[in-house]
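Engineer: got a sequence here, can you model it:
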Amino acid sequence: MKRVATLFICSLSFVLSVHSQPGITISLKSLLNEIVNQNSLTRFDGPQYQLMQTSSWDRSELEGKSSKGWFGNKDYDNYIRKEIHGDRTEYVIMDAKGPGAITKWRIPLAGFLGNRIVRIYLDGNPKPVIEENYQKFINGSSFVKWPFAFTSSDEKDSRFQYSMPVGLPKQMGADFYFPLPFSKSCKVTLDDSVFYYNIAYRMYKPGTKVISFTKADFYKNIALVHSTGQKLLAANKMAANMIQKTGTIKKDQIIEIDLPPGPNAIRQIYLHINSKNNKQMNRATVLEVNADGKQIVWSPVSEFFGGGVYARPVKNRNLEVTPDGWMISDWTMPYKSSAKIIIKNYGSEPVKAELKVKFKNYHWDVNSMYFHADWHEEAPLSTPSSKDWNYIKINGKGRYVGDILTIYSVPKNWWGEGDEKIYINGEPFPSQLGTGLEDYYGYAWGFANYFNSPFISMPSRDARGKDNWSGYSTAARIRLLDDIPFNTSLKVDMEAIIPVPGVSYSVTCFWYGMNSTYSNIKPDTSTIIRKLPAFAGFTMQEKPGKPFPDPPSNKLLLQRKKGLISYAGDEIDLLAWRDKKVNKRTDADRDNILGSEGYCIFGNKIITTYAFVADTVNNLPDFITDLHARNVITQSGGAYLYVPGKHNEMYQTGLIEVPRSIAEKGLVSFKLGKSVPSSFRMGIMLDNASSFIQVGKYLWITGGGNSSGKVLLVPSNRVPDWYFFDIKGLKPGDVITVHGSTSKNTDTFSIGGLTFDVNKK
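Structural biologist: The predicted structure follows:
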């Protein structure tokens, strides 16, 4: 108990600004304006606050660094206390005394937790100001909407979860970034399982005037809420009057832009290089920014802009990599008198670079701070298997505003069990202690495969799904209202709990600091030029159809038949791609091919975020009627039966999962209409997760008294995995049924989608 009391006292030490500003009032309106004010993070004046965090971290870590509990991993079901309210028990997960504001909230989503109620009590009022379904409140299904609350999954952002075992789509994360100010106190309770949670909140200096949140105030400011959300999501627009420099940079050479004399601020940086998925060029090309004779940025370009070593497309509030290769920074970087931006090539291959910079006037005074971005790597992480890996240590006064972590893993094992440990102003025990690496970045149950939001983002990672964590993964967290002010020092550690050796971490940390503030990270050119390993976990099927047969070692058994329904094979080029724009597609498009013309998801409506796939259509072919599917997993995680004519459901990949007894009778079936062509080809897509595509599973099609014969399925090295069948000579009214079988009654069978080619020659 003594240690707990000490921790609580340490956490209430407030950051002191150089000049306080009496008379400032904190409100929902002021916080919404602050979240989009690019200058607010660059200064150390204004309201004084300490960023706090309450989470379900493993309390055994209180035993100290030399104890067995220091890397404890029971990061769930921990709460402050129980309270009895009539016949209801409430579990308190946050209890803050004084003026403050909740700024970030993350929870995992799971079906068995779907009925919990969250209650938020402000200023000692026995009636909660918010009483909502917990998951719906955090994931944007209640009155707070996107982009302030959302599901942190690529299923919300134009991508399929390749290889994700069916049933797991409901196991996602949810994030809430809407500010909830309180004047005197804030208590948060749950009426059911506490499970995992992370809440970041500001505690303002005592005496700060704060207007507490109410729903009435929310709706009074609804126009501001909407406009703020639009600003957070706004597209970056290249200005016509930007300073620019273009050139070819050979080894150890640079191109540079000198900014006009200050005081000014760099507002946007646009960079395009000819890397085109060349990770060596992206790593060896370094962005350096100097301000007033001091180096403030040194980072590989793609890892500064958030795209990972391949510079894959991604976007958050401050950083972006576009599909056509432009890397964009929207950080405000003030300088007093002079600034210079340098692109240097440390690699052996020439780099063609186009650099454009926008600046604006900036009022510089004693409270102004310099922007910093520091990058470093450890490859691979040294033993032991569990250690505190240092992101950064900063001495002096400033604000910590975000970071981007890139992981490379040789083994498939999960590498993200470690928790963040953040020490503010020299405190002996971290006042911010989390529940997992993926939780720190706003995800849950591992990372997504791709995600964009103003606050967290991920470019596509190499491996897909939740059974394989090998290859490259990158995640970014941008701290807007959840920035961390510090008065004397800040140390950010991340537990590296690595069960199998062969994992590398590299991180870019973003912060603002006074002129005398400095970090422990120095440029390391040896890591910039080292040869990066390649990922060879699977081969993406490209378009147009390049054959990628299963490895010979799989010894696929082909039971081809010459009847009216015959198995055509599993090579992707068996589908007659008809995309006239294929030659204009970018690498990013080809990396995320969802199907061809005629592709459908079970149902007759596809969410609009899939519209960027030019050849995806929203409806079944005209000759298919009366489609019936077995259990379908929707985005909300519930199991539904397809209802013909129902237009308001969205169905996605990894849909149908049924036991052997049902699969053998049929996973999906449809009736042929009067316009049925004399012949057509049907493709069946399977996600190739090794957890459910195993030796001993079979797929076959029947219809009109005909059968294709069983086709043996085996683990594949391709994503996604397609099996094609030719169907001819069937008549209107015939019913086509897709069947599956497994070697064990306890196994389940699943399929993801269908596609049709009616122009087969």
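Engineer: now do the SS call for Phe137.
Structural biologist: Under DSSP: H, G, I helix; E, B strand; the rest coil, the three-state class of Phe137 is helix.
Engineer: torsion angles phi and psi at the nearest residue to Leu480 once chain neighbours are set aside?
Structural biologist: Take Leu480 and drop its neighbours on the chain: the residue closest to it by Cβ to Cβ, 6 or more residues apart in numbering is Ile35, 5.0 Å away. For every residue, glycine as well, the C-beta is placed using N, CA and C. Dihedral angles phi and psi of Ile35 (degrees, to the nearest 10) take the values phi -70, psi -20.
Engineer: how much space between Ile35 and Tyr391?
Structural biologist: 24 Å (Cβ to Cβ, to the nearest Å).
Engineer: so where is the chain shaky, pLDDT-wise?
Structural biologist: Applying pLDDT under 70 to the chain flags the ranges 1-22, 154-171, 464-467, 536-562, 571-620, 629-657, 687-696, 714-721, 752-753, 758-761.
Engineer: what ranges do the helices span in the stretch 351-500 of the chain?
Structural biologist: Using DSSP state H, counting those that start in this stretch, the helices of the stretch 351-500 of the chain run over 437-440.
Engineer: next: the stretch 201-350 of the chain.
Structural biologist: 215-220, 222-233, 279-284, 301-305.
Engineer: okay, the ones you listed in a markdown table with mean neighbour count and distance to Arg119 next?
Structural biologist: As requested, these are arranged in a markdown table below (neighbours: other Cβ atoms under 10 Å; distance: least, Cβ to Cβ, whole Å):
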| stretch | mean neighbour count | distance to Arg119 |
| --- | --- | --- |
| helix 215-220 | 12 | 14 |
| helix 222-233 | 15 | 22 |
| helix 279-284 | 22 | 48 |
| helix 301-305 | 27 | 41 |
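Engineer: any idea which of those helices gets closest to Ser152?
Structural biologist: The minimum distance between Ser152 and the helices of the stretch 201-350 of the chain falls on helix 222-233, with 15.5 Å, by Cβ to Cβ.
Engineer: and the closest one, C-alpha only, in PDB?
Structural biologist: What follows is helix 222-233 as a C-alpha-only set of coordinates in PDB (Å, rounded to 0.1, in the frame of the first residue of the first chain):
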ATOM      1  CA  ILE A 222     -22.400  19.800 -32.900                       C
ATOM      2  CA  ALA A 223     -21.500  22.000 -35.800                       C
ATOM      3  CA  LEU A 224     -18.000  22.500 -34.300                       C
ATOM      4  CA  VAL A 225     -17.700  18.700 -33.700                       C
ATOM      5  CA  HIS A 226     -18.400  18.000 -37.300                       C
ATOM      6  CA  SER A 227     -16.100  20.700 -38.700                       C
ATOM      7  CA  THR A 228     -13.300  19.600 -36.400                       C
ATOM      8  CA  GLY A 229     -13.700  16.000 -37.600                       C
ATOM      9  CA  GLN A 230     -13.500  17.300 -41.200                       C
ATOM     10  CA  LYS A 231     -10.300  19.200 -40.400                       C
ATOM     11  CA  LEU A 232      -8.700  16.100 -38.900                       C
ATOM     12  CA  LEU A 233      -9.500  14.100 -42.000                       C
END
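Engineer: contacts for it next, please.
Structural biologist: If you take Cβ atoms under 8 Å, 6 or more residues apart in numbering as the criterion, helix 222-233 is touched by 29, 32-33, 35-36, 145-148, 218, 317, 454.
Engineer: of those residues, grab the buried ones for ChimeraX.
Structural biologist: What follows is the ChimeraX syntax for the buried subset of those, where burial is set by 16 or more other Cβ atoms under 10 Å:
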select :29,32,35,36,147,148,218,317,454
